[in-house]
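Undergrad: fold the following, please.
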Amino acid sequence: MQNRSILGTLLSSAAALAGLGVAAAGAVAGWTVHSIHQKRRKDLLDDYFITPFELDIPHEEVRFITRDRVVLKGWWFAADGSDKTVVAMTGRHGRKDDLIGIGTGLWKRKYNVLVFDYRGRGESEEATASIGHFEKADAEAALDYAMHRVVQREGSCRPALLGYSMGAVLALQLACLRPEVETVVADCPFASLDELVRNKLKERYIPSDYLMPFIDYLNRAIYGYSLQEVSPLRWIQKIAPRPIMLIHAEKDRIIPVEDTLRLFEAAGEPKELWIEADVDHCGAYFKDREAYIDRVGNYLDDVFAGKFFQ
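TA: Sure, this is the predicted structure:
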């Protein structure tokens, strides 16, 4: 009788521990999925930011609508007489004013430039955010808007995409979907959202290999997509034979430089790789702003001049 009592106690304890384990796993999975779709909390200073007005740069405040009816806002820098056009995209929590330097720098080189706020960021309309899934519609709407403006004025448009971090992933994906995009400059992209989340959990000593299937299932159940879908490593080869430039910060603490090295290996020709030493995430621009604008601008000039196909 005593042995049965001990056995019953052990089984009850094991069941309780298993229940706690399942509850803990569920809590971590729920927290992870929430974090993927969490927007940066806004504060008072978000309403105060530099604009092209302070730089005495002619520009137009514009708005356009995504296919799922989200209103986005941006700045349009028109280069009359040129059909060369750059759509520039920030990182996950970025705003259009983050790109005012590179944007105006390329405009001075006779490129039409569009910078804009993603859904739920900056001045754009509130909507469910993510790390590259829902924002695909934002990127495509921005490209459509820029091309429409230039075709109306010049009769043709030659678009290029420039992106940073999540924006770099969006640029690579959009180029795969839209053959009219002539080139992509991608600064510090991740290779796979699934792997990025997995590695971030490991950094917190969370057993992500066991949890990722549950996390992905929960994400699909709530938001309708798999994390594995946001993976430029799976489709970057489709951009070729159009040229791409991949940039990464050697000491990136958010997205490891190995991600871009893998993307570069998977990409078709022609392609160019730039690893900037001694800088952190998306830091190449800030290390030497003038040199960065020159290098990106010269690359774009070469693409539009057809030098990659000579």
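
Undergrad: just the C-alphas of whichever strand or helix holds residue 275, formatted as PDB.
TA: For residue 275, the host element (DSSP states H and E) is strand 271-276. These are the backbone C-alpha positions of strand 271-276, laid out as PDB (Å, rounded to 0.1, in the frame of the first residue of the first chain):
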ATOM      1  CA  LYS A 271      26.900  40.400 -57.600                       C
ATOM      2  CA  GLU A 272      29.000  42.600 -55.400                       C
ATOM      3  CA  LEU A 273      29.900  42.200 -51.700                       C
ATOM      4  CA  TRP A 274      30.900  44.900 -49.300                       C
ATOM      5  CA  ILE A 275      31.800  44.000 -45.700                       C
ATOM      6  CA  GLU A 276      32.600  47.100 -43.700                       C
END
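
Undergrad: the residue nearest to residue 208 when sequence neighbours are not counted and residue 31, how far apart?
TA: Counting by CB to CB, 6 or more residues apart in numbering, residue 208 lies nearest to residue 201, which is 3.7 Å off, once chain neighbours are set aside. Where you see a C-beta, it was placed from the backbone N, CA and C, and this is true even at glycine. As defined by CB to CB, to the nearest Å, residue 201 lies at a distance of 10 Å from residue 31.

Undergrad: go on, residue 142?
TA: 31 Å.

Undergrad: mind checking which of these two has more residues around it?
TA: Between residue 142 and residue 31, residue 142 has the larger neighbour count (other CB atoms under 10 Å), namely 25 against 13.

Undergrad: residue 246 belongs to a strand, doesn't it?
TA: Yes - the assignment for residue 246 is a strand, going by DSSP: H, G, I helix; E, B strand; the rest coil.

Undergrad: tally of neighbours for it?
TA: Residue 246: 24 surrounding residues under other CB under 10 Å.

Undergrad: so what's it up against?
TA: Each residue near residue 246 by CB atoms under 8 Å, 6 or more residues apart in numbering is listed here: 186, 189, 260, 263-264, 267, 271-274.

Undergrad: got the end-to-end distance for stretch 94-105?
TA: Taking CA to CA, to the nearest Å, stretch 94-105 runs 19 Å from one end to the other.

Undergrad: what's the answer for stretch 125-133, then?
TA: Start-to-end span of stretch 125-133 (CA to CA) is 17 Å.

Undergrad: how about that stretch: buried residues?
TA: 127, 129-133 (16 or more other CB atoms under 10 Å).

Undergrad: one more: stretch 105-120?
TA: Within stretch 105-120, judged by 16+ other CB under 10 Å, the buried ones are 105-107, 109, 111-120.

Undergrad: what does stretch 296-310 give?
TA: 296-297, 299-300, 302-304, 308.

Undergrad: re the thing from before, state the distance from the residue nearest to residue 208 to residue 181.
TA: Distance of residue 201 to residue 181, given as CB to CB: 34 Å.

Undergrad: with residue 42 instead?
TA: Distance, residue 42 to residue 181, by CB to CB: 32 Å.

Undergrad: please say which of these two ends up with more neighbours.
TA: The residue with more neighbours, out of residue 42 and residue 181, is residue 181; 20 against 11, by other CB under 10 Å.

Undergrad: one step back: closest to residue 247 out of the buried residues of stretch 125-133?
TA: residue 132 (17.7 Å; CB to CB).

Undergrad: pretty sure that closest one sits against residue 196.
TA: No - counting by CB atoms under 8 Å, residue 132 stays clear of residue 196, with 9.9 Å between them.

Undergrad: I'd like the next helix or strand past the helix or strand where residue 168 lies.
TA: Using DSSP H and E, residue 168 maps to helix 166-177. The element immediately downstream of helix 166-177 (helix or strand, assigned by DSSP H and E) is strand 183-187.

Undergrad: now that next one - C-alpha only, PDB.
TA: This file holds the C-alpha atoms of strand 183-187, laid out as PDB (Å, rounded to 0.1, in the frame of the first residue of the first chain):
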ATOM      1  CA  THR A 183      19.100  46.100 -59.100                       C
ATOM      2  CA  VAL A 184      19.000  45.900 -55.300                       C
ATOM      3  CA  VAL A 185      21.300  47.300 -52.700                       C
ATOM      4  CA  ALA A 186      20.700  45.400 -49.500                       C
ATOM      5  CA  ASP A 187      22.500  46.500 -46.300                       C
END
